[in-house]
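K.L.:
Requesting a structural model of the entry that follows:
(2 chains)
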Amino acid sequence: MSQVLQKKVCLLGAFAVGKTSLVSRFVKGIFSEKYLSTMGVKIDRKNLQIGDVTINMMLWDIHGEESNKKVPAAYMRGTAAYLLVVDGTRASTIAAARELHERMRAEAGDIPFVVLLNKSDLQDEWQLSDGNMAAMQAEGWECFLTSACSGLNVDLAFTRLAEKLAS
Amino acid sequence: MRSAELPDPLFSYLADLYIHQASPAWIRLDSDCRCIAEAGGSWPRYLDKPKLNPGSELEEHFIVLCGQSFDQPFVLPQIELQDGHYTDIHHTLIDGVSWLLFLDVTEQVSAQQLQQQNANELSLLKDRQKQTLDRYMGATIAELSVGGKLTFNASGERRQITTMFIDLRSFTLFNEAYDPQHVMDTLNHYMTKMIPPILEEHGLIDKITGDGAMAVFGVQQRHAPAESALRAACKIQCDVADLNRSRREQGEYVMEVGVGIASGEAVLGILGAHDRRAFTAIGPHVNLAARLESIAKGGEILVDSATFKATSHLISSHQQMEIELKGIGLTPVYNLQTY
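P.N.:
I've put the predicted structure just below:
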């Protein structure tokens, strides 16, 4: 008999890295070029079948981390897994991802996560160097080059996280 | 009198004002905090189907509260329960009983959203501006420029600088023989070898002329500009030679680079008017550097006397010549052939 697991999954990252677009691509299969900054939290839901386990992902699309607007710890409580999102065209967004990763670890412990290096379709503006990528991998971060615009690796990254939750 | 400062009627007036504005709705939870014991308030404001029957499971109605622990008070701010509607959810414990209070904050969030959107867009714009400058001027200069720290008087500023011209040899033949797209791709390939060494040495790319470029050293970093220029030139020749080796192996068209470098006093300033302005360096040695580049063969670095004197400790071998340069006359030239 199939087991159903309901899990809270947070998307974390600096502002305008594409968190909302990734959720929109993953849940609804759509993408909009228009940038609209997220306020607070919006929650979506999607089921993924991993073997005989159904993972019911409750996706917390949380507002971007900014110097004057930090992600509250209350949003992080009860999280089962998270996606760290970095904008590949803005190397500075790695620092925000790193800080959020540390805060999430302090709040929820060592729970599963994956890192999405987003906007990979914008190759001409790409800023992440081989050194940046190597540093993230050296820290044990499982990274995916994603594009919410083209859909590249979006399903793959969420599915990988679901696999980690199912195991 | 409920408050020392406010008479009862005013206290009631204020309470009504804010309570009305917040459209509160509430839930009393059962003892294990899984089900609704009692609910009341303005639920249509928060839920499409506001039927919160006693005994029904909390998580059926609110996915935001799935997995939430109720052993401590908490506040979940700005939760978008319905599209465009934001709610602060408070959990409080009173005499061992858990209460949830829902307050509508849509108006406040909408006002903040406008400000946040503007601030984020401005920040993104600044990032993009820096990236664009970065490509042509190098990261340090771009940062100074965006931060308003790299400024020149429109009337000009005198400074000792070194100017370098680089140019791809045999480009005209290549341009005539191949498809324009292929020419563009190949040029960009060469540029990735020719531009970074300049930026690494804090040079400023004054202009890119299709198959070449003019760079100025001594603008951002004033110390030893001739040395910086020479190091950049050697790196360019070395990197382009490597590229050409690999292109030859693949049977592709190869081009070499000629370099001319001269040093001297120049006036740095902004030329142009109103919406179209550009940085420029003006001085006799700028013209000299251009002339030297025009006579340099592929792989050669030709420098003037001033540059040679300033960098002689870095040069292991050279060839000295006297050459008649158009518009300048007989000039001592030093050929620092790199291979």
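K.L.:
now do the same end-to-end measure for stretch A:118-135.
P.N.:
17 Å (CA to CA, to the nearest Å).
K.L.:
Equivalent analysis for stretch B:219-233, please.
P.N.:
Length of stretch B:219-233, first residue to last, CA to CA: 17 Å.
K.L.:
what about the worst-scoring helix or strand of chain A on mean pLDDT, near chain B?
P.N.:
Lowest on mean pLDDT, DSSP states H and E among the helices and strands of chain A sits helix A:130-138, with a mean of 91. No - Helix A:130-138 lies apart from chain B when judged by CB under 8 Å from any CB of the partner chain; the minimum separation is 14.4 Å. C-betas here are computed from N, CA, C, even on glycine.
K.L.:
Any buried residues in that helix, and which?
P.N.:
Using 16 or more other CB atoms under 10 Å in any protein chain shown as the test for burial, helix A:130-138 gives A:132, A:136.
K.L.:
Please name every helix or strand in contact with it.
P.N.:
In terms of contacts (3 or more CB pairs under 8 Å, 6 or more residues apart in numbering or on different chains; DSSP states H and E), helix A:130-138 is packed against strand A:143-145.
K.L.:
what lines up beside the strand it packs on in the sheet?
P.N.:
According to DSSP bridges, strand A:143-145 forms sheet pairs with strand A:113-118 (parallel).
K.L.:
Could you give the average pLDDT over the partner strand?
P.N.:
Regarding strand A:113-118, the rounded mean pLDDT is 98.
K.L.:
mind listing what residue B:322 touches?
P.N.:
B:330, B:331, B:332, B:333 (CB atoms under 8 Å, 6 or more residues apart in numbering or on different chains).
K.L.:
Can you name the residues bridging to the second one?
P.N.:
Translated: residue B:331. Here residue B:331, judged by DSSP bridges, has bridge partners residue B:323.
K.L.:
hmm, back to that, quick one: buried ones out of the contacts of residue B:322?
P.N.:
Counted by 16+ other CB under 10 Å, those give B:331, B:333 as buried.
K.L.:
Just give me the closest of the contacts of residue B:322 to chain A.
P.N.:
Nearest to chain A out of the contacts of residue B:322 is residue B:333 (CB to the nearest CB; 39.2 Å).
K.L.:
Could you tell me whether the closest one really is in a strand?
P.N.:
Yes - under DSSP: H, G, I helix; E, B strand; the rest coil, residue B:333 falls within a strand.
K.L.:
Can you read off the pLDDT for it?
P.N.:
95.
K.L.:
so what's it up against?
P.N.:
Applying CB under 8 Å, 6+ apart, we find residue B:333 in contact with B:292, B:295, B:302, B:303, B:304, B:320, B:321, B:322, B:323.
K.L.:
can we see that at 7 Å?
P.N.:
Contacts of residue B:333 were listed using CB atoms under 7 Å, 6 or more residues apart in numbering or on different chains, and they are B:292, B:302, B:321, B:323.
K.L.:
Residue numbers of chain B in contact with chain A?
P.N.:
For chain B, the contact set with chain A under CB under 7 Å from any CB of the partner chain comprises B:63-64, B:66-69, B:74-80, B:86, B:109, B:112-113, B:116-117, B:120, B:124, B:127, B:131.
K.L.:
could you flag which of those residues are buried?
P.N.:
B:63-64, B:66, B:68, B:74, B:76-80, B:86, B:109, B:112-113, B:116, B:120, B:124, B:127, B:131.
K.L.:
Of the residues of chain B next to chain A, which belong to helices?
P.N.:
Using DSSP state H, the members of these that fall in helices are B:109, B:112, B:113, B:116, B:117, B:120, B:124, B:127, B:131.
K.L.:
any chance of those in CSV, plus pLDDT and distance to residue A:98?
P.N.:
Formatted as CSV, these follow (pLDDT from 0 to 100; distance: CB to CB, whole Å):
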residue, pLDDT, distance to residue A:98
B:109, 94, 28
B:112, 90, 26
B:113, 90, 27
B:116, 89, 23
B:117, 89, 26
B:120, 89, 20
B:124, 86, 20
B:127, 79, 18
B:131, 72, 21
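K.L.:
Tell me how many other residues crowd the residue of chain A found nearest chain B.
P.N.:
Residue nearest to chain B within chain A (CB to the nearest CB): residue A:40, separated by 2.5 Å. Residue A:40: 21 surrounding residues under other CB atoms under 10 Å in any protein chain shown.
K.L.:
now swap in the one 5 residues further on and tell me
P.N.:
Burial of residue A:45, expressed as a neighbour count using other CB under 10 Å, amounts to 12.
K.L.:
which stretches of the stretch 201-339 of chain B form helices?
P.N.:
Ranges of helices within the stretch 201-339 of chain B are B:225-249, B:284-295, B:305-311, based on DSSP state H, counting those that start in this stretch.
K.L.:
just to revisit the earlier point, residues contacting the least confident helix or strand of chain A, please?
P.N.:
With CB under 7 Å, 6+ apart, helix A:130-138 has contacts from A:91, A:94, A:115, A:143.
K.L.:
doesn't residue A:143 make contact with the third one?
P.N.:
Yes - using CB atoms under 7 Å, residue A:115 makes contact with residue A:143 at a distance of 4.5 Å.
K.L.:
and residue B:254, what does it touch?
P.N.:
For residue B:254, the contacting residues are B:244, B:247, B:248, by CB under 7 Å, 6+ apart.
K.L.:
Can you tell me which of the residues you listed is nearest chain A?
P.N.:
When the contacts of residue B:254 are compared against chain A (criterion: CB to the nearest CB), the nearest one is residue B:247, at 22.3 Å.
K.L.:
quick revisit: what is the distance between the least confident helix or strand of chain A and the centre of its chain?
P.N.:
When distances are taken as CA atoms, centre = their mean, to the nearest Å, helix A:130-138 is centred 18 Å away from the chain's centroid.
K.L.:
Direction-wise, compare it with strand A:113-118 and give the angle.
P.N.:
160 degrees (axes from the mean of the first three to the mean of the last three CA atoms, to 10 degrees).
K.L.:
residue ranges for the helices of chain A, please.
P.N.:
Under DSSP H, chain A gives helices at A:19-28, A:73-76, A:93-108, A:130-138, A:154-166.
K.L.:
hmm, back to that, in a markdown table: the helices of the stretch 201-339 of chain B, plus mean pLDDT.
P.N.:
A markdown table is the format used below for the helices of the stretch 201-339 of chain B (pLDDT from 0 to 100):
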| stretch | mean pLDDT |
| --- | --- |
| helix B:225-249 | 95 |
| helix B:284-295 | 94 |
| helix B:305-311 | 95 |
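K.L.:
Residue A:59: which of those is closest?
P.N.:
helix B:225-249 (46.4 Å; CB to CB).
K.L.:
give me every residue that touches the residue nearest the centre of chain A.
P.N.:
Residue closest to the average C-alpha location in chain A (CA atoms, centre = their mean): residue A:83, at 2.7 Å. Each residue near residue A:83 by CB under 7 Å, 6+ apart is listed here: A:11, A:113, A:114, A:116, A:157, A:161.
K.L.:
Quick check: bridge partners of it?
P.N.:
Assigned bridge partners for residue A:83, using DSSP bridges, are residue A:11, residue A:114.
K.L.:
Grab the nearest non-local neighbour of the residue of chain A closest to chain B.
P.N.:
Distances taken as CB to CB, 6 or more residues apart in numbering or on different chains place residue B:78 nearest to residue A:40, at 2.5 Å, with adjacent residues excluded.
K.L.:
Nothing else from me, thank you.
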